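Chemist: With the input below, show me the fold.
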Amino acid sequence: MALPPLVEPSAPLSAREIERYARHVLLPHVGMQGQRRLKNARVLVVGAGGLGSPVLIYLAAAGVGTIGVLDCDVVERSNLARQVVHGSGDVGRLKTESAVEALASVNPLVRVVRHDVRIDATNAVAIIADYDLVVDATDNFPTRYLINDACVLLGKPDIWGSVYRFDAATSIWWARHGPCYRCVFPQPPPPAQVPSCADGGVLGVVCAAIGSIQGGEAVKLIVGMGDPLTGRLMLHDGLAQSWDVLTVRKNPDCAICGEHPAVTALVDYEAFCGQTPAGGPGTPAPSVLAADGPVPQISALELADLVVGPSGAGDVLIVDVRSAQERMISSIPGARAIHLDDFRSGAAVRLIPFGQPVVIFCKVGARAQEAARILIESGHRDVRSLEGGVLAWVRDVDPAQPTY
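Modeler: Below is the predicted model of the structure:
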């Protein structure tokens with residue numbers, strides 16, 4: 001069922017605008033009034049990556065008058081296969097900077113506002129309050145809960161999307177008309193059970209499929225047409241090319257939008273999700289407490305001295321806990337592949353002799369520290385993780401290898 005239009009119409013369109021948006025104006029559900037609502041709308045897109053790219057492009061093409069783009073990252077070469085708002089010449093630039101230029105070429109009649117910040121509990125309400133709705137195009141749980149909670153407190157709709165490998169999901173979380181994100185997902189999953197797209201991969205065109213739906217839902221809410229995804233969770237399988245829709249309902253005991261809310265202000269979402277702030281490529285992962293203290297770390301240069309230095313690796317066992325696909329991109333000479341799942345199941349403990357020095361690595365460090373903790377808690381003592389992971393190795397030791 002259609003909801004009332006979210007935005008009032010702007011002043012009449014110019015002849016230039018009518019010509020540009022003529023195919024919209026011809027639609028009975030949009031018409032001149034609907035296009036004027038789009039012109040008067042203010043939409044914040046959080047994340048200028050795989051999901052944010054199609055959202056930004058289509059919102060600009062549709063004539064949304066003010067588009068906020070929030071992202072603090074820079075464009076990396078590994079982004080280009082899916083983040084179509086950026087090009088090869090944008091590598092190293094702020095994503096907001098390249099996105100603004102791209103949208104200007106799509107539609108110079110819209111205004112794009114840059115937010116070159118990391119959204120958090122200190123700035124979310126102030127930023128979101130200036131917009132009619134938010135499109136959540138992020139890729140991590142702390143930010144999803146943060147955006148949801150800020151939107152609930154402000155009474156704004158949150159158009160959410162999520163993609164991993166070939167699977168995706170999208171919905172509208174709007175406590176005034178249905179469930180919020182916490183109603184359906186009251187607790188975040190344990191961090192160790194949440195592989196990222198950077199670790200597991202993502203098919204770019206799946207981002208396009210979900211991002212276009214998010215953009216379409218934004219247009220529907222602004223104009224007040226169709227049946228928006230409030231109270232429905234849409235699931236997509238890119239391999240089977242199938243779509244399923246689940247009915248989701250408001251939880252009367254929801255921590256933020258329920259009858260007796262426990263959350264009345266923004267909280268520490270990194271702590272809530274059991275995570276620490278994410279860094280850029282090569283950023284060391286935080287130490288994980290082992291049975292007798294923090295997991296010791298070794299730097300890439302120190303490990304290189306063991307591997308290629310005059311003494312050689314000696315008795316040190318270097319263990320790569322990444323997937324086979326990741327190992328095909330970059331590696332460390334002499335490393336033995338033992339997947340993190342084998343540590344979790346206990347199989348790896350039986351494969352590694354007690355008393356043998358071990359250095360464990362992954363892409364950045366978090367998975368390696370989890371594996372090291374498991375090994376230490378099983379009785380191994382001479383265990384270290386590689387600070388910064390294989391990305392640090394490529395950066396500091398072997399820059400001829402590609403990164404991802």
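Chemist: Helix, strand, or coil at Ile57?
Modeler: Per DSSP: H, G, I helix; E, B strand; the rest coil, the local secondary structure of Ile57 is helix.
Chemist: contacting residues around it?
Modeler: Shown in contact with Ile57 (C-beta atoms under 8 Å, 6 or more residues apart in numbering): Val84, Val85, Ala102, Leu103, Val106. C-beta coordinates here come from the backbone N, C-alpha and C atoms, glycine included.
Chemist: switch the cut-off to 6 Å
Modeler: Val106 (C-beta atoms under 6 Å, 6 or more residues apart in numbering).
Chemist: With Asp396 instead?
Modeler: Residues near Asp396 by C-beta under 6 Å, 6+ apart: Ala300, Leu301.
Chemist: if I look at it, how far off is Tyr21?
Modeler: Counting by C-beta to C-beta, to the nearest Å, the gap from Asp396 to Tyr21 is 52 Å.
Chemist: With Val7 instead?
Modeler: 15 Å.
Chemist: and what of Ala324?
Modeler: 49 Å.
Chemist: Same check on Leu38?
Modeler: Relative to Tyr21, Leu38 is positioned 8 Å away (C-beta to C-beta).
Chemist: what's the overlap in contacts for these two?
Modeler: Joint contacts of Leu38 and Tyr21 (C-beta under 6 Å, 6+ apart) are Gly63.
Chemist: Just give me the neighbour total for Ile119.
Modeler: Other residues within reach of Ile119 by the criterion other C-beta atoms under 10 Å amount to 24.
Chemist: longest helix in the protein, by residue count?
Modeler: Longest helix in the chain by number of residues, with DSSP state H as the criterion: helix 204-223.
Chemist: Which strands and helices lie in contact with the helix or strand following that helix?
Modeler: The first helix or strand that comes after helix 204-223 along the chain, using DSSP states H and E, is strand 232-237. Judged by 3 or more C-beta pairs under 6 Å, 6 or more residues apart in numbering; DSSP states H and E, strand 232-237 is in contact with strand 167-173, strand 242-247.
Chemist: host element of the residue positioned nearest the centre of the chain?
Modeler: By C-alpha atoms, centre = their mean, the mean C-alpha position of the chain lies nearest to Asp139, the distance being 1.1 Å. In the assignment (DSSP H and E), Asp139 maps to no helix and no strand.
Chemist: Next one: Leu235 relative to Leu3, how far apart?
Modeler: For Leu235 relative to Leu3 (C-beta to C-beta), the value is 23 Å.
Chemist: more crowded one of those two?
Modeler: Leu3 (18 against 15).
Chemist: Now that one: phi and psi?
Modeler: Dihedral pair for Leu3: phi -100, psi 160, per degrees, to the nearest 10.
Chemist: any idea how this structure splits into domains?
Modeler: 15-272, 289-396 (automatic domain parsing).
Chemist: quick one: which of these has the weakest pLDDT on average?
Modeler: Here the lowest mean pLDDT among these goes to domain 289-396, at a mean of 88.
Chemist: from the middle of its chain, how far away would it be?
Modeler: In terms of C-alpha atoms, centre = their mean, to the nearest Å, the centre of domain 289-396 is found 27 Å from the chain centre.
Chemist: gap between the nearest residue to Glu17 once chain neighbours are set aside and Gly52?
Modeler: In space, and not counting its chain neighbours, Glu17 is closest to Leu109: 6.4 Å by C-beta to C-beta, 6 or more residues apart in numbering. According to C-beta to C-beta, Leu109 and Gly52 sit 21 Å apart.
Chemist: These two: which has the busier surroundings?
Modeler: Gly52 (28 against 16).
Chemist: wouldn't the more buried one be in contact with Val45 here?
Modeler: Yes. Using C-beta atoms under 6 Å, Gly52 is in contact with Val45, at 5.2 Å.
Chemist: For stretch 330-339, list every residue counted as buried.
Modeler: Ser330, Ser331, Ile332, Ala335, Ile338, His339 (16 or more other C-beta atoms under 10 Å).
Chemist: Now secondary structure and distance to Ile67 too, for these, in JSON lines please.
Modeler: As requested, those are arranged in JSON lines below (DSSP: H, G, I helix; E, B strand; the rest coil; distance: C-beta to C-beta, whole Å):
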{"residue": "Ser330", "secondary structure": "coil", "distance to Ile67": "37"}
{"residue": "Ser331", "secondary structure": "coil", "distance to Ile67": "42"}
{"residue": "Ile332", "secondary structure": "coil", "distance to Ile67": "43"}
{"residue": "Ala335", "secondary structure": "coil", "distance to Ile67": "45"}
{"residue": "Ile338", "secondary structure": "coil", "distance to Ile67": "47"}
{"residue": "His339", "secondary structure": "coil", "distance to Ile67": "42"}
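Chemist: which one among the residues you listed gets closest to Pro261?
Modeler: Closest approach between the buried residues of stretch 330-339 and Pro261, by C-beta to C-beta: His339, at 41.8 Å.
Chemist: Find the nearest non-adjacent residue to the closest one, please.
Modeler: Closest to His339 by C-beta to C-beta, 6+ apart is Val321, at 6.1 Å.
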